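Asker: Could you work out the structure for the sequence below:
(one chain, ligands or ions: 1)
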Amino acid sequence: MSSNKVGFVSLGCPKALVDSERILTQLKLDGYDIVPTYEDAEIVVVNTCGFIDSAKQESLDAIGEAISENGRVIVTGCMGRGDDAQTIKSLHPKVLSVSGPAAYEEVVGAVHQYVPHTPIHDPYTDLVPPQGVKLTPRHYAYLKISEGCNHRCSFCIIPDMRGDLVSRPIGDVMAEAEGLARAGVRELLVISQDTSAYGVDIKYRTGFWNGRPMKTRMQELCEALGEFGIWVRLHYVYPYPHVDKVIPLMAEGKILPYLDVPLQHGSPEVLKRMKRPAAAEKSLERIHAWRSVCPDITLRSTFIVGFPGETERDFDILLDFLREAQLDRVGCFQYSPVKGARANDLPNPVPEEIKQQRWERFMTLQQEISSAKLQAKVGSTVEILIDTVDEHGAIGRSSADAPEIDGKVYLNGITDLQPGDFVEAEVTAADEYDLWAG
Ligand code: SF4
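Answerer: So this is what the prediction gives:
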């Protein structure tokens, strides 16, 4: 067996996926081969997720499997910090190295240490595609613009794991986006913990892209990304007043009319206890104003029900909020304590059966809203980015659908398409999540 083969297990959210892509790109640049099986690998890297207890358990299971199947394991990612790192070391003492999230150099350094490899330089072989190694299909890619978060939401331990906000220089972000667009990527998904805060940590410093001065700020970033002529989708945007400035770019078709705004609740009292950013902003007014500028905007959000101290009145306020906001896509979670989160100390926990009942009431209402919004699209023409094609037809997404988390558009019987194609088609049917077009 040659000694440059590395196995890789990537768990967690899109931010962790981007970390995996960076590590894999560097390993390829250093001459390592990435192999898909434990038995072919000389060593296995596991990128862990530590967001909630079930994700931690999945990470621990993946480490255990890699140890028993291969034996030489390097662990990195969100579980690689603090108490969780200790848990890993005590449960799996054979693990060779443990590092935290975005610790690219440490991981790559550990691979070099345990699997020394000196590549034979071959100027005719380019091991790494110009856009770097991507774990997403070739036609869409995540673009991570910052790391960490300056907020301290009481239910969240991400700032403890990933630290305060660190924005990537705008020149680097744009160069990466340009490379991806040139390599054939048709959709960029902008991600971070708080996209609207981009540049706050460096006082919106002016950077350069292709010799052009640009401020490190969400609006300038969106304007420049809009020049590539591909889909640009914004995730994790808080409803701050300055977000209003990117809505005209959506109305003009420069970036997708889509905003992923994690609102978490509608009751000011609960939001205060959650210590949410923009809790005082008038989210509903903002939503109405956005729709008046860009009526086609798709709004996605996530909510938590059963947060400590949530009363029946708070929950009614949340349902009223949903009725008025008429959001397109909504995820809802029942509150569950995360080890180390400040919310664990809050009084008046909500009993499990009440959480479940509230979740069901929430979902029933939101499903009615979401399906009515999708039904209203029947008869309209939508642009679709094709994700997969087989002998039964093609499956794609409209501007209203982010990959993995939203719905799909089914083009039954249409087989002469390729993943990454854009097509226009008339919507013929809808259910509560998906569309059919032809
Ligand atoms: S905004 Fe709040 S929920 Fe989001 S990462 Fe920061 S602390 Fe966590």
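
Asker: I figured Tyr198 hits Ile191, correct?
Answerer: No: judged on CB atoms under 8 Å, Tyr198 makes no contact with Ile191 at a distance of 11.0 Å. Where C-beta positions appear, they are placed from N, C-alpha and C, glycine not excepted.

Asker: Overlap in contacts, those two.
Answerer: Taking CB atoms under 8 Å, 6 or more residues apart in numbering as the contact criterion, the common neighbours of Tyr198 and Ile191 are Ile145.

Asker: Give me the more crowded residue out of those two.
Answerer: Between Tyr198 and Ile191, Tyr198 has the larger neighbour count (other CB atoms under 10 Å), namely 26 against 21.

Asker: who touches the more buried one in this structure?
Answerer: 145-146, 167, 192, 216-218, 221.

Asker: Just to be sure, which of these are found in helices?
Answerer: Per DSSP state H, helices hold the following members of the contacts of Tyr198: 218, 221.

Asker: low-confidence ranges in this protein?
Answerer: Scanning the chain for pLDDT under 70 picks out the ranges 1-3, 118-131, 278-281.

Asker: Residues of it that sit close to the ligand?
Answerer: Applying CB under 6 Å from any ligand atom, one finds that the chain approaches the ligand through 149, 151-153, 156, 158-159, 193-194, 277.

Asker: Among those residues, the buried ones, what's the ChimeraX command?
Answerer: Restricted to the buried members of these, where burial is judged by 16 or more other CB atoms under 10 Å, the ChimeraX selection command reads as follows:
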select :149,151,153,156,158,159,193,194,277
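
Asker: and the residues of the chain next to the ligand, which of them are in strands?
Answerer: Counting by DSSP state E, the residues of the chain next to the ligand place none of their members in strands.

Asker: could the residues of the chain next to the ligand be laid out in a markdown table, adding distance to Ile405?
Answerer: Rendered in a markdown table, the data for the residues of the chain next to the ligand read as follows (distance: CB to CB, whole Å):
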| residue | distance to Ile405 |
| --- | --- |
| Cys149 | 20 |
| His151 | 22 |
| Arg152 | 25 |
| Cys153 | 20 |
| Cys156 | 19 |
| Ile158 | 18 |
| Pro159 | 23 |
| Gln193 | 16 |
| Asp194 | 18 |
| Pro277 | 21 |
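
Asker: The nearest residue to Arg397 once chain neighbours are set aside - how many residues pack around it?
Answerer: Setting aside the residues directly before and after it, Arg397 is nearest to Leu385 in space (CB to CB, 6 or more residues apart in numbering), at 5.6 Å. Residue neighbour count, defined by other CB under 10 Å, stands at 22 for Leu385.

Asker: how distant is whatever helix or strand Leu385 lives in from the center of its chain?
Answerer: Leu385 is located in strand 381-390, with elements delineated by DSSP states H and E. The offset between the C-alpha centroid of strand 381-390 and the centroid of the whole chain comes to 21 Å, using CA atoms, centre = their mean, to the nearest Å.

Asker: Give me the buried stretch members for that strand, please.
Answerer: Buried residues in strand 381-390, defined by neighbour count with 16+ other CB under 10 Å: 382-387, 389.

Asker: One more: stretch 336-349?
Answerer: Neighbour counts over stretch 336-349 (16+ other CB under 10 Å) mark 338, 341-343, 346, 349 as buried.

Asker: Also stretch 233-242?
Answerer: Of all the residues in stretch 233-242, those buried under the rule 16+ other CB under 10 Å are 233-239.

Asker: helix, strand or coil for Val9?
Answerer: strand (DSSP: H, G, I helix; E, B strand; the rest coil).

Asker: which residues touch the closest residue in space to it that isn't next to it in sequence?
Answerer: If the residues on either side of it in the chain are set aside, Val9 comes closest to Val46, at 4.6 Å by CB to CB, 6+ apart. Applying CB under 8 Å, 6+ apart, we find Val46 in contact with 9, 11, 59, 62-63, 66, 73-77.

Asker: Out of those, which is nearest to Asp434?
Answerer: In terms of CB to CB, no member of those lies closer to Asp434 than Leu11, at 26.8 Å.

Asker: okay but that closest one is in contact with Thr76, surely?
Answerer: No: counting by CB under 8 Å, Leu11 sits too far from Thr76 to count as a contact (10.6 Å).

Asker: Looking at those two now, which is surrounded by more residues?
Answerer: The residue with more neighbours, out of Leu11 and Thr76, is Thr76; 26 against 21, by other CB under 10 Å.

Asker: Could you measure from the more buried one over to Asp61?
Answerer: Computed with CB to CB, to the nearest Å, the distance linking Thr76 and Asp61 is 16 Å.

Asker: Equivalent analysis for Glu404, please.
Answerer: Computed as CB to CB, the Glu404 to Asp61 distance reads 21 Å.

Asker: the more surrounded of these two?
Answerer: Relative neighbour count places Asp61 above the other of Glu404 and Asp61, with 11 against 8, counting by other CB under 10 Å.

Asker: tell me which element that one falls in.
Answerer: In this structure, Asp61 sits in helix 53-69 according to DSSP H and E.

Asker: Please identify the buried residues of stretch 12-30?
Answerer: 12, 14-28, 30.

Asker: Give me the contacts around that stretch.
Answerer: With contact meaning CB under 8 Å, 6+ apart, stretch 12-30 is reached by 6, 8, 10, 34, 45, 47-49, 51, 55, 59, 76-78, 101-102, 104, 107-108, 111-112, 117, 119, 127-128, 132-136, 142, 144, 147, 189, 191-193, 235.

Asker: need the longest helix for the chain.
Answerer: What stands out as the longest helix in the chain, according to DSSP H, is helix 352-375.

Asker: how about the residue nearest to Lys254 when sequence neighbours are not counted, secondary structure?
Answerer: For Lys254, ignoring the flanking residues on the chain, the nearest one in space by CB to CB, 6+ apart is Gly226 at 3.2 Å. Assigned state for Gly226: helix (three-state reduction, three-state DSSP).

Asker: Next: Gly207.
Answerer: strand.

Asker: wait, it sits on Ser167?
Answerer: No: if you go by CB under 8 Å, Gly207 and Ser167 don't touch, sitting 9.8 Å apart.

Asker: who touches both of these two?
Answerer: By CB under 8 Å, 6+ apart, Gly207 and Ser167 have these common neighbours: Thr216.
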